[in-house]
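Enquirer: any chance you could fold what I've pasted below:
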Amino acid sequence: MHTHKASGPLYVRVASQIESQIRDGVLRAGEKLPSIRYLSEQRGVSISTALQAYLWLESGGWIEARTRSGFYVRRKEAAAVPEPDPAARPAETPADLG
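Expert: Numbers count the residues shown, from 1 in each chain. Here you go, the predicted model:
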């Protein structure tokens, strides 16, 4: 997972700000993010930088791209249901055998 970086490439700084908003609950799972063009204007960065920020967040699992729809905050994966333990299976009773 990515961590906050005060320095580094501009796209990483933009991405870190968005990541913080996701961590803090300002941006919630399933929420649509601003368009790349709007993000560019909002943050005063180039469209290329805005796109790189989103791609960086996507590679870190924070957001997801949806075809012809834009970028969305990714939902957290549900915890995997553990496999049943065969040793913990209830013993058969005489009623089960007959």
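
Enquirer: three-state assignment of R68?
Expert: Secondary structure for R68, judged by DSSP: H, G, I helix; E, B strand; the rest coil, is coil.

Enquirer: any idea how far V26 is from it?
Expert: Note on R68: its distance to V26, by CB to CB, to the nearest Å, is 26 Å. In this view, the C-beta of every residue, glycine as well, is placed from N, C-alpha and C.

Enquirer: what of G44?
Expert: If you go by CB to CB, the gap between G44 and V26 works out to 20 Å.

Enquirer: so if I had to pick from R68 and V26, which one is more boxed in?
Expert: V26 (10 against 4; other CB atoms under 10 Å).

Enquirer: what does the pLDDT read for that one?
Expert: V26 carries a pLDDT value of 96.

Enquirer: how far away is it from I18?
Expert: Taking CB to CB as the measure, V26 falls 9 Å from I18.

Enquirer: do the same with S59
Expert: Counting by CB to CB - S59 and I18 are separated by 13 Å.

Enquirer: try K76
Expert: Distance from K76 to I18, by CB to CB: 16 Å.

Enquirer: okay, these two: which has more neighbours?
Expert: Set side by side, K76 and I18 show more neighbours around I18, with 23 against 8, by other CB under 10 Å.

Enquirer: which residue is the nearest non-sequential neighbour of that one?
Expert: L57 (6.1 Å; CB to CB, 6 or more residues apart in numbering).

Enquirer: the one you found against V14, yeah?
Expert: No - judged on CB atoms under 8 Å, L57 makes no contact with V14 at a distance of 9.3 Å.

Enquirer: which stretches of the chain form strands?
Expert: Under the criterion DSSP state E, the chain contains strands at 63-66, 70-73.
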